[in-house]
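**Q** predicted coordinates and the sequence they were generated for:
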Amino acid sequence: MAKRARRNQPPPPLHELEREIMEQVWRAGPAPVREILDGINATAERERAYTTVLTVLGRLEEKGFVTREREGRRDVYAAAVERDTWMRGRASGDVDRLLDAYGDVALAHFAEQVERLDDARRAELRRLLDE
């Protein structure tokens, strides 16, 4: 089976803790490490340490997911990538890989899943395609 041409390279995946931290940054907006940590620990099954979150934020900054601004004596982190942009890019890349690996069989399964959806959900999918 011939490989399909990829539109763009998908954004890199986020590992579990990176995703947890990014979800908090996306929710909270620009925030210092302590606020990000408190937001994560408020809902997490497992409490995270300040130094762990700080280390992961540094890695996310290196990867281009967050920016860091100095405000007085603290660093404030903000999302450099919008959540929807990241999700669309990842989904597109994942679908491309499925189609490369399984071709029409994958498309048939997608079509089958779409047929099972109610009208409101199909309308929402159409709206997403039009964006």
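**A** Sure, I can see it.

**Q** ranges for the helices of this protein?
**A** Per DSSP state H, the chain has helices spanning 16-28, 33-43, 50-62, 83-102, 104-116, 119-130. These are given in chain order.

**Q** show me what the fifth one is packed up against.
**A** If I follow you right, that is helix 104-116. helix 83-102 (3 or more CB pairs under 8 Å, 6 or more residues apart in numbering; DSSP states H and E). Yep, even glycine has a C-beta here, placed from its N, CA and C like the rest.

**Q** buried ones in the helix it packs on, by neighbour count?
**A** Residues of helix 83-102 classed as buried: 86, 89, 93, 96, 99 (neighbour count, 16 or more other CB atoms under 10 Å).

**Q** which one of those residues sits closest to residue 71?
**A** Within the set of these, residue 86 lies nearest residue 71; the separation is 25.2 Å, counting by CB to CB.

**Q** quick check: closest non-adjacent residue to that closest one.
**A** Leaving aside its chain neighbours, residue 86 sits nearest to residue 11 (5.3 Å; criterion: CB to CB, 6 or more residues apart in numbering).

**Q** who does the closest residue to residue 30 other than its chain neighbours bridge with?
**A** Excluding its sequence neighbours, the residue lying closest to residue 30 (CB to CB, 6+ apart) is residue 78, at 3.9 Å. Assessed by DSSP bridges, residue 78 has beta-bridge partners residue 67.

**Q** ok, residue 78 - contacts?
**A** Listed by CB atoms under 8 Å, 6 or more residues apart in numbering, the contact set of residue 78 reads 25, 29-31, 66-67, 69.

**Q** please redo it, this time with the cut-off set to 7 Å
**A** Residues counted as contacts of residue 78 (CB atoms under 7 Å, 6 or more residues apart in numbering) are 29-30, 66-67.

**Q** per-residue pLDDT, residue 112?
**A** With respect to pLDDT, residue 112 has a value of 91.

**Q** ok, now residue 6?
**A** We note a pLDDT of 49 for residue 6 in this prediction.
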